[in-house]
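>>> got a sequence here, can you model it:
(2 chains)
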Amino acid sequence: MSVISAQDLDLTFQTNDGPVHALKGVSLDIEKGDFVSFIGPSGCGKTTFLRCMADLEQPTGGSITVNGTTPEAARRARAYGYVFQAAGLYPWRTIGRNISLPLEIMGFSKSDQAERVARVLELVELAGFEKKFPWQLSGGMQQRASIARALAFDADILLMDEPFGALDEIVRDHLNEQLLQLWGRTGKTIAFVTHSIPEAVYLSTKIVVMSPRPGRITDVIESTLPRERPLDMRESPEFLEIAHRVRDGLRAGHAYD
Amino acid sequence: MRSLLPVLTVLAVIVGIWYLAVAPMNVRVALDQAERAGAEVMPEGSVPRRAVSVWRLMAQNSEHVGLGYALERPRLPTPAQVGGELWRTTGEMIQKGRPFSKRGLIYHGWITLQSTLWGFLLGTSLGIAGAVAIVYSRTADLSLMPWAIISQTIPIVALAPMIIVLTSQVGVESRGVPKAIISAYLCFFPVLVGMVKGLRAPQPSELDLLRTYNASGLQSFLMLRLPASVPYLFTSLKVGIAAALVGTIVGELPTGAISGLGARILIGDQFGTPLAIWSALFAAAVLAGTLVSLLDVTQRVTLRRMGMQA
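Residues are numbered from 1 along each chain as shown, chains lettered A, B, ... in the order given. Take a look at the predicted model:
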């Protein structure tokens, strides 16, 4: 059974300038343990699709299930961790207390909280920064802390909305590598929105190419790359071939109007 | 303490202008006094002098201008006279062992301070409660906010006597209660506006984050909206407490009150003792400055503890 399954999903926003078709006829299955990237130009609905999975947007047509239930039930069951484009750490909480925020809300015991915070800080290589405030950390470290926050309550699904979009190339490479290792260790199902072709190809088992007006899926590419992926794999012919196909898909779907 | 020098410079300029202004302001009174004492004054008689400008009077009677700096009932007292009066009504009272004498400003300041703090407490609570209602209820947003704004356009001097009459009608004998209400009336508005802004400070993505945790409304209020509003709250509290003090003093003016700084100002006016007015005025300013500074220190300490740099 698929972890996330969308059938003919539609979402139309009513605006003052008339209806905007953010998603039209989107169908996709995400299997357990998949790393799925969504790539496409602005307005193609990739973030909207992710937000539908998270029950942050309500589709106007079609159906979507998460863990076999409605997105709302999945959200109430805290089935996923969501990482936003901005780290969104609370400035009045230390890194440790930012990570324990979901744990406090979900009512974990104090000792369990401390143990989990220590574990996920280790996982994102931020051990020792627990007592620091967000402004004392670099942008990349803040984003890692926000990933740790999404990991803290052990949801099986990780929804990531351009988490590295605002970071520079070098930090981004490093975080991509770390994210792959983390995915390998935890076996989570990850849905990942990005603007970057190399990032999508490097990370994913499945690349979903989308195009705007109306937001739709134009191509789904199953990656042939092995699960073990050192950074220099990005120069291999196989990698470049997949990247080429993604680029073609983006070009084909892009109406230059 | 980098700001010390500019502050002292401005202070020195103000004091300088003040001293210069004393001569023209007091010259007529000084000449009347000199004439009564038998001195030659040009022109003779206080009524003919009214037609002459103060500058000519000063030029023609330069030897008497200095008298204006030592009058018992000056039009404009000198800073030294005001300082002396302040000392006589506060420090000297303490030295005499009667700090709370009704002739001293400590007693009157205390009366005003009490009402101010009660009004501040009441106004702040109302302001915060109103802001929570406005942020959480669209109905409150549409209905409460316009009235809050309209309420501040009514001159408090017009409203104060009515509040006093109405509270006595419902059987409230204490003079403190109407004063606290008037003070709260002025104080709630900045707190309300600041808190509405503060409670709405969180970004949509920050609220979405809590939604993904399936957080309850109370949890998102306590963990996000409330802490996010703290910097806004302190800024409004500082404006609010100054407004509360003004409200109390205004509340003391038309009530026939005999204690409080406002009453001292009114009585000083009725009995023609400008020194009493000026010293009460300065006592009020010192009080306001102290209260605002205390809040400022609390703000710094709180924000530092919260990890947010002030």
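
>>> contacts and neighbour counts: CA atoms only from here.
OK.

>>> quick check: residue A:167 touching residue A:140?
Yes - taking Cα atoms under 8 Å as the definition, residue A:167 is a contact partner of residue A:140 at 6.6 Å.

>>> so the two - more neighbours on which side?
Between residue A:167 and residue A:140, residue A:140 has the larger neighbour count (other Cα atoms under 10 Å in any protein chain shown), namely 19 against 14.

>>> what comes up buried for the helix or strand hosting the more buried one?
Per DSSP states H and E: residue A:140 is located in helix A:139-151. Residues of helix A:139-151 classed as buried by neighbour count (16 or more other Cα atoms under 10 Å in any protein chain shown): A:139-151.

>>> tell me what it is packed against?
Helix A:139-151 sits against strand A:80-83, helix A:95-99, helix A:110-123, helix A:169-186, with contacts defined as 3 or more Cα pairs under 8 Å, 6 or more residues apart in numbering or on different chains; DSSP states H and E.

>>> so what's residue B:81 scoring on pLDDT?
Looking at residue B:81, its pLDDT reads 91.

>>> quick check: it is in a helix.
Yes - looking at residue B:81 with DSSP: H, G, I helix; E, B strand; the rest coil, it is inside a helix.

>>> sorry, back to before: the helix holding residue A:140 to helix A:169-186, inter-axis angle?
Taking axes from the mean of the first three to the mean of the last three Cα atoms, to 10 degrees, helix A:139-151 and helix A:169-186 form an angle of 20 degrees between their directions.

>>> just the CA trace of helix A:139-151, in PDB.
Extracted C-alpha coordinates of helix A:139-151, given in PDB (Å, rounded to 0.1, in the frame of the first residue of the first chain):
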ATOM      1  CA  GLY A 139      21.500  29.900   8.400                       C
ATOM      2  CA  GLY A 140      22.600  26.300   7.600                       C
ATOM      3  CA  MET A 141      22.700  25.300  11.200                       C
ATOM      4  CA  GLN A 142      19.300  26.900  11.800                       C
ATOM      5  CA  GLN A 143      17.900  24.800   8.900                       C
ATOM      6  CA  ARG A 144      19.400  21.700  10.400                       C
ATOM      7  CA  ALA A 145      17.900  22.500  13.700                       C
ATOM      8  CA  SER A 146      14.500  22.800  12.000                       C
ATOM      9  CA  ILE A 147      15.000  19.400  10.400                       C
ATOM     10  CA  ALA A 148      15.900  18.000  13.800                       C
ATOM     11  CA  ARG A 149      12.600  19.500  15.100                       C
ATOM     12  CA  ALA A 150      10.700  17.700  12.400                       C
ATOM     13  CA  LEU A 151      12.500  14.400  13.200                       C
END
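
>>> can you tell me what sits against it?
Here helix A:139-151 makes contact (Cα atoms under 8 Å, 6 or more residues apart in numbering or on different chains) with A:81-83, A:86-89, A:95, A:98-102, A:120-121, A:123-124, A:126, A:134, A:158, A:163-164, A:167, A:171-172, A:175.

>>> check which residues of stretch B:56-65 are buried.
B:57-58, B:61, B:64-65.

>>> would you mind listing what in the stretch 101-250 of chain A touches chain B?
With Cα under 8 Å from any Cα of the partner chain as the criterion, the stretch 101-250 of chain A comes near chain B at residues A:102, A:105-106, A:133.

>>> okay if I get these as JSON lines plus secondary structure and distance to residue A:24?
Formatted as JSON lines, these follow (DSSP: H, G, I helix; E, B strand; the rest coil; distance: Cα to Cα, whole Å):
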{"residue": "A:102", "secondary structure": "helix", "distance to residue A:24": "33"}
{"residue": "A:105", "secondary structure": "helix", "distance to residue A:24": "35"}
{"residue": "A:106", "secondary structure": "helix", "distance to residue A:24": "35"}
{"residue": "A:133", "secondary structure": "coil", "distance to residue A:24": "43"}
